[in-house]
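Q: sequence? don't have it. structure:
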């Protein structure tokens, strides 16, 4: 994976979970990292972890940003170019979820999830594309196996991820002539705080976690590092002739009936 050395990589949602694991995992390869998220304290902690695995502090750019805010999205790209001068990899990892039934879902919730999970990656790709064309770079969208399955009480979230998967395939075709690759990584239930932030009660979360031993054929919840490894593969030259791909990292759950 030495092809990622010296590359400029933007990771959204880097303050926790999959984004945190990806940042620390890629830091070992000596890239330049732009890490974004809403929690400034957590971003600082992730930066320290990156330094602990050998990445110099001057190679880490922290940007507190809210993907609901258009100006913040612009600032991520503009500040990265100002600091590092190029963009080689965009990892659209940030996501928002909420466990609400169809009947109880408000339009405000629909709009919020669409903005974060679909509109923000679209706009970031649009802003980064000119620089990625220059570097023949790569885009990795972090989707979910929920986008390819029916999920009660997570309908809007699943819709956004289905849209992101189609966007991945469509953009891959459009940017292929520029040698820019676009792929999605689709995790299954991953052991992070995502479900808790989405409103799942702690006791239900523990039961849901335990249920993955049966639901995901390889057994157990996905570890964030396993998703990070897939992101690294898709971002690197190891996947140099792969584009428009949806790579499941779900222990085989997508192969099972709902």
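A: Happy to help now that I have it. Only a predicted model underlies this, so the values are computations on that prediction, with no experimental measurement involved.

Q: Dead centre of the protein: give me the residue that sits there.
A: residue 93 (1.7 Å; CA atoms, centre = their mean).

Q: ok, that one touching residue 11?
A: Yes. Counting by CB atoms under 8 Å, residue 93 touches residue 11, with 5.9 Å between them. Using the backbone N, CA and C atoms, a C-beta is placed for each residue, glycine as well.

Q: Now do the same contact list for the residue nearest to the centre of the chain.
A: Going by CB atoms under 8 Å, 6 or more residues apart in numbering, residue 93 touches 11-14, 18-19, 22, 142, 231.

Q: ok, now residue 239?
A: 181, 183, 233, 245.

Q: What remains of the residues you listed if I keep only buried residues?
A: Buried members of those, counted by 16 or more other CB atoms under 10 Å: 181, 183, 233.

Q: And the helices in the chain, which stretches?
A: 17-27, 40-52, 70-84, 107-114, 120-135, 155-175, 194-197, 202-215, 224-235 (DSSP state H).

Q: Please tabulate those helices in a markdown table, including the columns mean pLDDT and distance to residue 148.
A: Shown next, in a markdown table, are those (pLDDT from 0 to 100; distance: least, CB to CB, whole Å):
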| stretch | mean pLDDT | distance to residue 148 |
| --- | --- | --- |
| helix 17-27 | 97 | 18 |
| helix 40-52 | 98 | 29 |
| helix 70-84 | 98 | 27 |
| helix 107-114 | 94 | 17 |
| helix 120-135 | 98 | 17 |
| helix 155-175 | 96 | 7 |
| helix 194-197 | 67 | 18 |
| helix 202-215 | 69 | 15 |
| helix 224-235 | 97 | 16 |
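
Q: what residues are up against residue 14?
A: Residue 14 neighbours (CB under 8 Å, 6+ apart): 20, 22-23, 35-37, 43, 46, 93.

Q: which non-adjacent residue is nearest it?
A: Distance criterion CB to CB, 6 or more residues apart in numbering; nearest residue to residue 14, sequence neighbours excluded, is residue 35 at 3.8 Å.

Q: what about the one you found, distance to residue 82?
A: With distances taken as CB to CB, to the nearest Å, residue 35 is found 16 Å from residue 82.

Q: Compare these two (neighbour count), which wins?
A: The neighbour count for residue 35 versus residue 82, taken as other CB atoms under 10 Å, is higher for residue 35 (27 against 10).

Q: I figured the more buried one was touching residue 65, is that so?
A: No. The pair residue 35 / residue 65 is not scored as a contact, 10.1 Å apart, by CB under 8 Å.

Q: circling back to that earlier point, quick check, nearest of the buried ones among the contacts of residue 239 to residue 98?
A: residue 183 (26.4 Å; CB to CB).

Q: Okay, and the beta partners of the closest one?
A: Per DSSP bridges, the residues bridged to residue 183 are residue 140.

Q: Isn't it up against residue 143?
A: No. The criterion here is CB under 8 Å, and residue 183 misses it with residue 143 at 9.9 Å.

Q: joint contacts of these two?
A: The contact lists of residue 183 and residue 143 share 168, 246, where a contact means CB under 8 Å, 6+ apart.

Q: coming back round to it: buried subset of the contacts of residue 93 as a PyMOL selection?
A: In PyMOL, a selection of the buried entries from these looks like this (16+ other CB under 10 Å):
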select buried, resi 11+12+13+14+18+19+22+142+231
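
Q: Out of the contacts of residue 93, the closest to residue 72 would be?
A: residue 12 (10.5 Å).

Q: That closest one and residue 124 touch, don't they?
A: Yes. Contact criterion CB under 8 Å: residue 12 and residue 124 qualify, at 7.1 Å.

Q: what do the two both touch?
A: Joint contacts of residue 12 and residue 124 (CB under 8 Å, 6+ apart) are 76, 92.
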